[in-house]
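1. whatever this is, show me its structure:
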Amino acid sequence: MFDGPVEDRLAIRERIEAYSDAVFRKDADAWIANWREDGVWRLPGIDVAGKAQIKAAWVGAMAGFAVAGFFATPGAIEVRGDRANVRVYTQEVLIDHAGSVRRIIGAYDDELVKTAGVWLFASRAYTVLHDQT
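-> Predicted structure coming up:
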C-alpha cells in the first residue's frame, strides 16, 4: 500500500535510493547519513543500535567485497504524520576479493521518522528471502 502525502513518499523513495547509491559507491559517510542517531539495524541473528555502531558494522561487512551492487524497490510506503512504515525489496550482487559472486534477494521492513523536514531510517529489519553463492 502507498498512502500519505506524495511529497513525503517521494522523499522516502529518494532516501532509499540514496542508501542504495552509497552501497554501490561503498561510501560509508553517505550511507550512514541515511540513519537517525538512535537507529536500529536488525539483521539475521544480530541487532545493531546507534549510528556509530551501525556504521562500524557496515564498514566491516563491506570490507569483504570488491564490488557490492544493491538494488532496492519499495513495495509499500505508509506515511502517518512524521512517521512512515515502509517495505523495501532488495537484490544484492556481492563480489568478494577473490571474484566469488553471491546473490541475495531480501526484504526490509523499515520505520522512518521525519525530523526537521528530513526523513531518516529509525529502524531497518532485514529478512533474507533467497541466498545464492
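
2. for Asn34, phi and psi?
-> phi -80, psi -10 (degrees, to the nearest 10).

3. now do the SS call for the closest residue in space to it that isn't next to it in sequence.
-> Nearest non-adjacent residue to Asn34, counting by C-beta to C-beta, 6 or more residues apart in numbering: Tyr19, 4.7 Å away. Just so you know, the C-beta spots here come from the backbone N, C-alpha and C atoms, and that holds for glycine as well. Under DSSP: H, G, I helix; E, B strand; the rest coil, the three-state class of Tyr19 is helix.

4. show me where pLDDT drops low in this protein?
-> Residue ranges of the chain with pLDDT under 70: none are present.

5. circling back: thought Phe71 was touching the residue nearest to Asn34, still the case?
-> No: here Tyr19 does not reach Phe71: they are 11.4 Å apart, not a contact under C-beta atoms under 8 Å.

6. which of the two has more residues huddled nearby?
-> Under the criterion of other C-beta atoms under 10 Å, the comparison of Tyr19 against Phe71 puts Tyr19 first, with 22 against 13.

7. list the contacts of that one.
-> Tyr19 makes contact with Trp31, Asn34, Phe70, Ala72, Phe121, according to C-beta atoms under 8 Å, 6 or more residues apart in numbering.

8. ok, it to Gly99 distance?
-> Relative to Gly99, Tyr19 is positioned 26 Å away (C-beta to C-beta, to the nearest Å).

9. got it, and Ile12?
-> From Ile12 to Gly99 the distance is 36 Å (C-beta to C-beta).

10. residue furthest from the geometric center of this protein?
-> Computed with C-alpha atoms, centre = their mean, the residue of the chain farthest from its C-alpha average is Ala98, at 25.6 Å.
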